[in-house]
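Peer 1: Quick one: sequence and predicted model below, then my questions.
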Amino acid sequence: MARRDSSGGDASGAPFHNPFGDLSRRLGIEPAPTPAPAPRAAAEARVPARAVVRIERKGRGGKTATVVEKLGLPPAELEGWLLDLKRTLGCGGAVEGDALLLQGDLRDRAAARLEARGVRKVTKG
């Protein structure tokens, strides 16, 4: 039995008892190597230099929508940014051309989230 330390894990640093941890030794096989953490993708590290955040009502049946433009990202990256904004702001949205469309008036919150993600200049219009 492994000695427990004050943090609740055992002496090896494992946070809990793993009943299958000793199985590979008992069966006489090599344990599976632990996977190395995936390197950050170059696309994930790319942050746009600017963004324009504005609201729009025209052509939307009277509904208010927040439009995030001028990001200059490819469509695949726009989807990722949209997903992040939708999750953190708790709203619906879509990619419309080269702009992100969020449901509701979220100018201040969207601008704050874009700045937190590293966009240097966010213009609210």
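Peer 2: Everything's here; your move.
Peer 1: from here on, contacts and neighbour counts on C-alpha atoms
Peer 2: Will do.
Peer 1: worst-scoring helix or strand of this protein, pLDDT-wise?
Peer 2: Ranked by mean pLDDT, DSSP states H and E, the helix or strand of the chain with the weakest confidence is helix 42-45, at a mean of 51.
Peer 1: any residues touching the helix or strand just after that one, and which ones?
Peer 2: Sequence order places strand 50-56 as the next helix or strand after helix 42-45, per DSSP states H and E. The contact list for strand 50-56 (C-alpha atoms under 8 Å, 6 or more residues apart in numbering) reads 64-71, 105, 107, 110-111, 119-125.
Peer 1: Just give the nearest non-adjacent residue to I55, would you?
Peer 2: T66 (4.4 Å; C-alpha to C-alpha, 6 or more residues apart in numbering).
Peer 1: can you tell me the helix or strand for the one you found?
Peer 2: Per DSSP H and E: strand 65-69 holds T66.
Peer 1: Now do that strand: which elements does it pack against?
Peer 2: Counting contacts by 3 or more C-alpha pairs under 8 Å, 6 or more residues apart in numbering; DSSP states H and E, strand 65-69 packs against strand 50-56, strand 99-103.
Peer 1: So which of these is nearest R25?
Peer 2: strand 99-103 (53.1 Å; C-alpha to C-alpha).
Peer 1: Neighbouring strands of that closest one in the sheet, and parallel or not?
Peer 2: According to DSSP bridges, strand 99-103 has the following sheet partners: strand 65-69 (antiparallel), strand 93-96 (antiparallel).
Peer 1: Distance check, the most centrally placed residue in the chain against G72.
Peer 2: What sits nearest the mean C-alpha location of the chain, by C-alpha atoms, centre = their mean, is D84, with 5.0 Å. Using C-alpha to C-alpha, to the nearest Å, D84 is found at 17 Å from G72.
Peer 1: quick one: buried residues of the helix or strand containing A76?
Peer 2: Secondary structure from DSSP H and E places A76 in helix 75-89. Buried residues in helix 75-89, defined by neighbour count with 16 or more other C-alpha atoms under 10 Å: L78, W81, L82, L83, L85, K86.
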